[in-house]
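*Asks:* Quick check, what structure comes out for this input:
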Amino acid sequence: MSLAEKVLAGDVQAAARLITLLEDNAPEADDEIDSLYPHTGKAYLIGVTGAPGTGKSTLTDNLLGYFRGQGKNIGVVAIDPTSALTGGAILGDRIRMQRHGADNKVFIRSLATRGWSGGLARVVLGAVHVMDAMGKDIIIIETVGSGQVELDIFRAADTTLVVLTPGSGDDIQMMKAGILEVVDIFVVNKADKEGAGLLQADIESMLSMAGNRSDAWQPPVVLTEAINDKGTGELAGAISEHHDYLTSGNGIEAKRRVRIRLDILENLEGVFKDFICSIQDSELLRKQVDDLLRGKSVPRRAAGKMAGLLSDYIKKRESGNKNGL
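*Replies:* Residues are numbered from 1 along each chain as shown. Next comes the predicted model:
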């Protein structure tokens, strides 16, 4: 059996192996994902984002436990930042959710960003496809806490939660990021701290003045204490209400159109990056460098000549030759 066939049969080890191949940019992963893609699109995606230290991981763990209590089959993609010095990642989110490790209805996978911007690792959508094809009902994507809200998650998830805490200045960051029009649910975590009610009131006031949403959804502000597992039911209820809102019209299709567009663009970016890597040591690149050194060309013209190789590179990729030109 192929890896894809094993994933469709619910094989966790095969799923983990395929995601690892995606992370390693292994050529054989492409065909496996292509085989899985027709079996995707059934899972409901929840994005969890926010600044560092807001309690995203604990909140995600609480939601995981709540949905399992409802009998849901759950996947979690936890994204960790990559060290700029070593290229390594702590992958600590998986450790925090270890209490679910023995549950065969839960599949948790940590991914490193590996330098990709936007708060999403390059392989996140691939990992989501793997979990979706496995039969997960809900997939939670927890993004890197980079100090500002990561925008890609709004395009990837059906429902996106932004986690804020009192007294941290997150509300100011939120206004700077201009995300009032795209957030589905605001979560004020650590609600036992002074200023939680004030932060809630500030968010609600800003929402009342924001008139640029593309839909009629009114984002709720939910108070939680993740460390004490308080407010989890209320938050899950808000997620359910947003799900019902989306399914009552064409909201789900609209969300997934945006996600498919992101998927295409991420794959396109991957092709471009692979192409650039494939020509690093090419004779043509050396010639362009020589021409620039001698004043016979300019960078824009040299890049144009290099780009002429892209069509041949794509044809070779499609024919199964993933080794470049």
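
*Asks:* Low-confidence stretches in this structure?
*Replies:* Residue ranges of the chain with pLDDT under 70: 81-98, 101, 113-122, 145-151, 169-178, 211-212, 320-325.

*Asks:* hmm, try it at 50
*Replies:* 83-93, 118-119, 147-149 (pLDDT under 50).

*Asks:* any idea how it splits into domains?
*Replies:* 41-259, 279-318 (automatic domain parsing).

*Asks:* Just send those back as CSV, with distance to D31 and mean neighbour count too.
*Replies:* Using the backbone N, CA and C atoms, a C-beta is placed for each residue, glycine as well. Output for these, formatted as CSV (distance: least, Cβ to Cβ, whole Å; neighbours: other Cβ atoms under 10 Å):
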stretch, distance to D31, mean neighbour count
domain 41-259, 13, 19
domain 279-318, 11, 13
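
*Asks:* right, and those - which one's nearest A29?
*Replies:* Among those, domain 41-259 comes nearest to A29, with 7.5 Å by Cβ to Cβ.

*Asks:* now do the same end-to-end measure for that closest one.
*Replies:* With Cα to Cα, to the nearest Å applied, domain 41-259 spans 10 Å between its terminal residues.

*Asks:* Pull the distance from that domain to the chain's centre.
*Replies:* Centroid separation for domain 41-259 versus its chain: 10 Å, with Cα atoms, centre = their mean, to the nearest Å.

*Asks:* For V106, list each beta-bridge partner.
*Replies:* Counting by DSSP bridges, V106 forms beta bridges with I74.

*Asks:* so it sits right up against R68, yeah?
*Replies:* Yes. V106 lies in contact with R68 (Cβ atoms under 8 Å); the separation is 6.6 Å.

*Asks:* Around the spatially closest residue to E5 that is not a sequence neighbour, how many other residues sit close by?
*Replies:* The shortest distance from E5 to any non-neighbouring residue, by Cβ to Cβ, 6 or more residues apart in numbering, is to S35 (7.9 Å). Counted with other Cβ atoms under 10 Å, residues neighbouring S35 total 16.

*Asks:* and if you look at Q13?
*Replies:* 10.

*Asks:* packing partners for the host helix or strand of it?
*Replies:* Per DSSP states H and E, Q13 falls inside helix 12-23. Under the contact criterion of 3 or more Cβ pairs under 8 Å, 6 or more residues apart in numbering; DSSP states H and E, helix 12-23 touches helix 3-8, helix 28-36, strand 106-112, helix 124-134.
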